[in-house]
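Q: from the sequence below, what's the structure:
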Amino acid sequence: MKQRIIQGNIVLPNETKYGQLVTENNKISRLIFDEKEYLPNPLKIDETKFICPGFIELQINGAFGKEFKTDSDSIQIASDNLLKFGTTSFCPTITTRDIKTYPKHLESLVSNFTYSGGTKFLGFHLEGPSLNPKKVGAQNADLITNPIDIEINNYLNENVKMVTLAPELEGGIDFIKKLIEKNIRVGIGHSLMTYEEIQEIFDSKHMWIVHLFNAMEPLKSRVPGVVGFGLNSDAFIGLIVDKIHVHPKTVEITSKLKLDKIISVSDGSAVTGLDAGTYKIGERTMIKTNERVTLPNGTLVGSILTQNIAVKNLIEINNCSINDAVKTVSYNPSKLLGLENEIGQIKIGNYADLTVLNSSWNIELTFINGELAYEK
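A: Here you go, the predicted structure:
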């Protein structure tokens with residue numbers, strides 16, 4: 001029975017406390033906050049740093065030069081490298097492809113991945129091809145397919161964890177029912193639904209609003225729409241906190257309304273983790289600067305945000321506590337997936353997936369199942 005003792009500022013869902021965290025057999029076995037009960041010979045983390053639950057990424061399109069939509073080795077590359085950003089679990093996001101190609105591509109991605117102690121693969125997030133053609137963003141509008149034209153068993157496999165779609169498309173409501181029957185989470189995104197339409201179908205246990213404000217109509221006085229519902233309901237909402245996709249003041253307003261329901265996602269592109277430059281990814285050219293990534297026509301194509309920087313940005317924008325910010329990249333996504341008693345919070349019995357943030361919001365250490373997997 002291998003034991004590890006880590007001592008420092010422990011970030012819990014609702015507070016941060018100094019103490020000891022003990023891991024045994026892949027999991028957190030004890031939390032000790034009384035100094036009189038401290039165990040000897042711990043790994044001491046400097047008091048300027050924070051021991052956080054590992055971060056969970058629900059919407060990431062690629063990284064390190066690989067795109068999940070395109071490259072069969074992309075999960076392996078991401079799993080081996082995302083640890084440096086504190087991400088210990090992820091749902092690789094497949095954006096719109098030809099509907100006929102999904103089964104073979106998903107199978108290829110899994111067959112080319114061998115888990116070796118890196119970021120955990122939780123299952124796929126399929127973002128498309130059932131998106132509203134008027135809100136397709138940087139995705140391929142020519143490949144949009146209505147749900148009524150999709151044979152669900154030729155689209156999904158057992159590794160799909162989440163599907164994002166525009167429910168207003170023909171057959172969308174029935175398709176959502178089939179997804180929920182399979183215990184697949186449903187994201188409303190790239191959608192022009194009305195507030196009333198969403199309210200009628202929304203299931204807060206199985207559904208969420210994907211990248212709020214992006215690829216949807218803005219909140220209007222007479223047409224609250226998807227944004228209005230996201231802000232005025234108990235729905236989890238995805239938010240890209242890179243200070244580009246969503247203005248910092250909009251992030252601040254949103255946080256005042258429902259910080260406890262934000263899931264901070266990167267919508268990360270294939271050039272995340274690479275130097276600035278021009279890259280050929282699949283059939284597209286992507287231009288990466290130090291702030292953003294665009295197509296040659298200037299259209300944003302995902303982001304270059306990483307989860308440690310999302311935490312930094314939330315704290316700077318809101319002047320909130322570290323536990324409030326970390327919750328958006330850990331507990332909240334785990335809660336949406338129904339995995340909060342396995343990952344996403346520092347809790348006795350949960351897997352010891354941990355990351356240590358320093359005062360510059362960079363990652364010092366990342367542990368997977370209690371084992372040191374990354375050191376700066």
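Q: shaky segments in this protein?
A: 1 (pLDDT under 70).
Q: which residues in the protein form helices?
A: 74-81, 102-111, 172-181, 195-201, 225-231, 248-258, 307-318, 322-327, 331-337 (DSSP state H).
Q: among the ones you listed, which comes closest to P129?
A: helix 102-111 (8.6 Å; Cβ to Cβ). From N, CA and C alone the C-beta is placed, and that goes for glycine too.
Q: now the closest one against helix 74-81, angle please.
A: Orientation check (axes from the mean of the first three to the mean of the last three Cα atoms, to 10 degrees): helix 102-111 against helix 74-81 gives 30 degrees.
Q: for L31, find the nearest of the helices of the chain.
A: Judging the helices of the chain by Cβ to Cβ, what sits closest to L31 is helix 322-327, at 14.4 Å.
Q: nearest residue to I144 in space, please, no chain neighbours.
A: Excluding its sequence neighbours, the residue lying closest to I144 (Cβ to Cβ, 6 or more residues apart in numbering) is P133, at 5.2 Å.
Q: gap between K256 and L300?
A: 25 Å (Cβ to Cβ, to the nearest Å).
Q: pretty sure M216 contacts V227?
A: Yes. Counting by Cβ atoms under 8 Å, M216 touches V227, with 6.1 Å between them.
Q: before we move on, back to that, would you turn the helices of the chain into TSV with distance to L43 and mean neighbour count?
A: As requested, the helices of the chain are arranged in TSV below (distance: least, Cβ to Cβ, whole Å; neighbours: other Cβ atoms under 10 Å):
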stretch	distance to L43	mean neighbour count
helix 74-81	24	21
helix 102-111	35	16
helix 172-181	43	17
helix 195-201	47	15
helix 225-231	41	23
helix 248-258	33	16
helix 307-318	20	22
helix 322-327	20	25
helix 331-337	24	24
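Q: now do the phi/psi pair for the closest residue to H190 other than its chain neighbours.
A: Spatial nearest neighbour of H190, chain neighbours left out: L131 (3.7 Å); criterion: Cβ to Cβ, 6+ apart. The phi and psi values for L131, taken as degrees, to the nearest 10, are phi -110, psi 150.
Q: residues touching L131, list them.
A: The contact partners of L131, by Cβ atoms under 8 Å, 6 or more residues apart in numbering, come to 96, 139, 144, 164-166, 189-191, 215.
Q: got a markdown table for those, with neighbour count too?
A: Converted to a markdown table, the contacts of L131 look like this (neighbours: other Cβ atoms under 10 Å):
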| residue | neighbour count |
| --- | --- |
| T96 | 23 |
| Q139 | 22 |
| I144 | 19 |
| T164 | 27 |
| L165 | 28 |
| A166 | 26 |
| G189 | 26 |
| H190 | 28 |
| S191 | 28 |
| A215 | 25 |
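Q: most widely separated two among the residues you listed?
A: Farthest-apart pair in the contacts of L131 is T96 and S191; separation 14.2 Å (Cβ to Cβ).
Q: that older thread, tell me which of the helices of the chain approaches N159 most closely.
A: Closest of the helices of the chain to N159 is helix 102-111, at 5.9 Å (criterion: Cβ to Cβ).
Q: so what's the gap between the closest one and the chain middle?
A: 21 Å (Cα atoms, centre = their mean, to the nearest Å).
Q: give me the phi and psi for I346.
A: According to degrees, to the nearest 10, I346 has phi -80, psi 100.
Q: name the nearest residue to it, sequence neighbours excluded.
A: P53 (5.1 Å).
Q: my read: that neighbour touches N323, true?
A: No. P53 lies out of contact with N323 (Cβ under 8 Å); the separation is 10.0 Å.
Q: check the contact lists of these two and give me the overlap.
A: With Cβ under 8 Å, 6+ apart, P53 and N323 have common neighbours V11.
Q: leaving out sequence neighbours, find the closest residue to E375.
A: L365 (5.6 Å).
Q: hey, what's the residue nearest to I346 bridged with?
A: Counting by DSSP bridges, P53 is bridged to L354.
Q: so what's it up against?
A: 11, 326, 330-331, 343-346, 350, 353-355.
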